[in-house]
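*Asks:* Here is a sequence with its predicted model. Questions after.
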Amino acid sequence: MTDLTKIPVTVITGFLGAGKTTLIRHLMQNPQGKRLAILVNEFGTVGVDGDILKSCADENCPVENIVELANGCICCTVADDFIPTIEALMAMPVRPDHILIETSGLALPKPLLKAFDWPAIRSRITVDGVIALADAEAVAAGRFAPDVAAVDAQRATDPSLDHETPLSEVFEDQILCADLILLSKADLAGEAGLATAREVIAAEMNRPVPMLAMTDGVIDPRVLLGLNAAAEDDLAARPSHHDGADDHEHDDFDSVVVDLPEVTDPDALSAAIVRLAEELNILRVKGHVAVAGKPMRMLVQAVGARVRMQFDKPWGTAPRRSQLVVIAEHDDIDEAAIRQVLGA
């Protein structure tokens, strides 16, 4: 095979709740005549994003073309999970024209790019581009930066201290690996927030990378697909906090799965999720709940104190089960306190 016959892959990365799944849904609805395949990786044992995408399957991206890897991080389990999955997608009776990979919100893209040099797939596949989503409102608010005042005070006494936080390290690794950065939640950030987010990200970059604003995952697919970056051949230009390490520590983060009874008051649940963010420093909540008297399933998506709840599809014959995944830094996970706030 020549390079022209390689299947292009777009790696879509970004921190928890940046809008990766929403973007992929938009690409599925606007595939530009391409037959897509999708690999979804999630942090935690309950797959929510894969279920959302499978509900959008059509002839351009049938259900069998959507593969989910939950309870792990493909940047750390390349040989066991990623390579066999990619080989299975390429061996499908109808070969996909383009593969989209949605990484876990805690994944580092660079170890994944290194996997494309594996002999089993290097001649058949190429990384068309790495798209990094950055929540513009969160970036502008300084959510991914250390406490600047505290850092300055510590530097005065010990300049050798490492002041990076787990959040800032993961965020920086993701944007430093990108060929294109999408500033998501642009409507929430506003013009001033977008300007601040651009400045913050530009200060971290070691090379010029385009940045585009985006709301609700809507952007012209022609901008994202066909970058021809061959990112697997350009690793030296994509520095990582974890260069030289075999993998990165996910012990910095943890998740809890909470089963709930039927919800009688969605507003009360939303208020409880806000409390989780404000009182327990919870980063992300997602899942589905059954609302009493309603035949539709309610999708819950929360990033910090920002909560979105919507009915997404009928329960049908599926069991009416309310289950939420709660993600935070390891030291902030207090399962008993989380369950108490949620009334579980």
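*Replies:* Done, it's in.

*Asks:* Might one say that residue 172 is in contact with residue 203?
*Replies:* No. Between residue 172 and residue 203 there is no contact under Cβ atoms under 8 Å: 10.5 Å. C-betas here are computed from N, CA, C, even on glycine.

*Asks:* For the two, work out which one has more neighbours and name it.
*Replies:* Higher neighbour count among residue 172 and residue 203: residue 172, with 19 against 7, using other Cβ atoms under 10 Å.

*Asks:* Quick check: mean pLDDT of the helix or strand in which the more buried one is found?
*Replies:* Taking DSSP states H and E as the criterion, residue 172 maps to helix 166-176. What helix 166-176 shows for mean pLDDT is 85.

*Asks:* Which elements pack onto that helix?
*Replies:* helix 109-115, strand 125-135, helix 186-204 (3 or more Cβ pairs under 8 Å, 6 or more residues apart in numbering; DSSP states H and E).

*Asks:* got a list of contacts for the helix or strand following the longest one?
*Replies:* Right, helix 186-204. Following helix 186-204 in sequence order, the next helix or strand is strand 211-213 (DSSP H and E). For strand 211-213, contacts defined as Cβ atoms under 8 Å, 6 or more residues apart in numbering pick out 136, 180-183, 186, 194, 198, 201-202, 219, 223.

*Asks:* and stretch 177-197, which residues are buried?
*Replies:* Using 16 or more other Cβ atoms under 10 Å as the test for burial, stretch 177-197 gives 177-186, 189, 193-194, 196-197.

*Asks:* What of stretch 270-280?
*Replies:* Here stretch 270-280 shows 272-274, 276-277 as buried, counting by 16+ other Cβ under 10 Å.

*Asks:* In strands, which of the residues you listed appear?
*Replies:* Among the buried residues of stretch 270-280, the subset assigned to strands under DSSP state E is empty.

*Asks:* Any chance of these in TSV with distance to residue 92 and pLDDT as columns?
*Replies:* As requested, the buried residues of stretch 270-280 are exported to TSV (distance: Cβ to Cβ, whole Å; pLDDT from 0 to 100):
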residue	distance to residue 92	pLDDT
272	43	95
273	39	94
274	43	94
276	41	93
277	41	88
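
*Asks:* who touches residue 9 in this structure?
*Replies:* 98-101, 116, 125-128.

*Asks:* Please tell me how far the closest residue to residue 277 other than its chain neighbours sits from residue 19.
*Replies:* Excluding the flanking residues, the one nearest residue 277 by Cβ to Cβ, 6 or more residues apart in numbering is residue 305, at 4.2 Å. Remark: distance between residue 305 and residue 19 (Cβ to Cβ, to the nearest Å) = 17 Å.

*Asks:* quick one: which of the two has more around it?
*Replies:* Neighbours per residue, other Cβ under 10 Å: of residue 305 and residue 19, the larger number sits with residue 19, 23 against 12.

*Asks:* The more buried one touches residue 133, doesn't it?
*Replies:* Yes. Under the criterion of Cβ under 8 Å, residue 19 makes contact with residue 133 at 5.5 Å.

*Asks:* how much space between the closest residue to residue 218 other than its chain neighbours and residue 53?
*Replies:* Among residues not flanking residue 218 along the chain, residue 26 sits closest, at 5.7 Å (Cβ to Cβ, 6+ apart). Remark: distance between residue 26 and residue 53 (Cβ to Cβ) = 11 Å.

*Asks:* Same drill for those two, tell me which one is more crowded.
*Replies:* Neighbours per residue (other Cβ under 10 Å) separate residue 26 from residue 53, with residue 53 holding more: 22 against 19.

*Asks:* which SS state does the more buried one fall under?
*Replies:* helix (DSSP: H, G, I helix; E, B strand; the rest coil).

*Asks:* In this protein, what residue spans correspond to helices?
*Replies:* With DSSP state H as the criterion, the chain has helices at 20-29, 49-54, 83-90, 109-115, 136-140, 148-157, 166-176, 186-204, 221-224, 266-280, 335-342.

*Asks:* May I see the buried residues of the first one?
*Replies:* Buried residues in helix 20-29, defined by neighbour count with 16+ other Cβ under 10 Å: 20-28.

*Asks:* ok, those residues vs residue 336, which is closest?
*Replies:* residue 21 (29.8 Å; Cβ to Cβ).

*Asks:* Hmm, residue 281 is touching residue 329, no?
*Replies:* Yes. If you go by Cβ under 8 Å, residue 281 and residue 329 touch, sitting 7.0 Å apart.
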